[in-house]
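[1] Pasting the sequence and the predicted model now:
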Amino acid sequence: MIAYSVSYRRREIGVRMALGAEPGQVVGSVLKQALFMAGAGLGSGVLAVVLLSRLIDGLPFGVEATDPLTMLRVGGLLLAVSLAAAYLPARRAAWIPPSEALRAE
C-alpha cells in the first residue's frame, strides 16, 4: 500500500524536493504515513480482540485471549514489520530526481 502511495504521490514528492525538502524529510513523511496506517490497523485489531474475546478464548493454547503481554509483543512485532516494509519505498521516494518527477505524467 505504501509503495502504491509513493508512486501515486510521485509528482508531489518531486515538487517538495524541488522546493528544498531534504531526503530525510521525505523518508520521515512516508514512514509517518505507514506508522499511522499500521497504528490504525493495530487499534482496530485490539478493539476486535477485546470485543470478541469470548469467541476466541479457547483458540490460543495456554494464552488468554486478552493477555496484555502477548498483545504488546505481537503489536510491537507488527509495527516493526510495517516500518521495515515501508522503508524501501520511502528511500526510493527520497531519491526521486525533481526534474524526472515533474516531467512524469
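    Structure received. Numbering: from 1, shown residues only.

[2] Pull the contacting residues for the nearest residue to A3 once chain neighbours are set aside.
    Leaving aside its chain neighbours, A3 sits nearest to P89 (4.3 Å; criterion: C-beta to C-beta, 6 or more residues apart in numbering). Where you see a C-beta, it was placed from the backbone N, CA and C, and this is true even at glycine. Contacts for P89 (C-beta atoms under 8 Å, 6 or more residues apart in numbering) come out as 2-3, 5-6, 30.

[3] Show me which of those is closest to T66.
    Distance to T66 across the contacts of P89 (C-beta to C-beta) is lowest for I2, with 30.2 Å.

[4] how far away is the closest residue to that closest one other than its chain neighbours from A80?
    Excluding the flanking residues, the one nearest I2 by C-beta to C-beta, 6+ apart is A86, at 4.5 Å. The spacing between A86 and A80, counted by C-beta to C-beta, to the nearest Å, is 11 Å.

[5] same thing with S29?
    19 Å.

[6] just L72 next, same as before
    According to C-beta to C-beta, L72 stands 12 Å off from A80.
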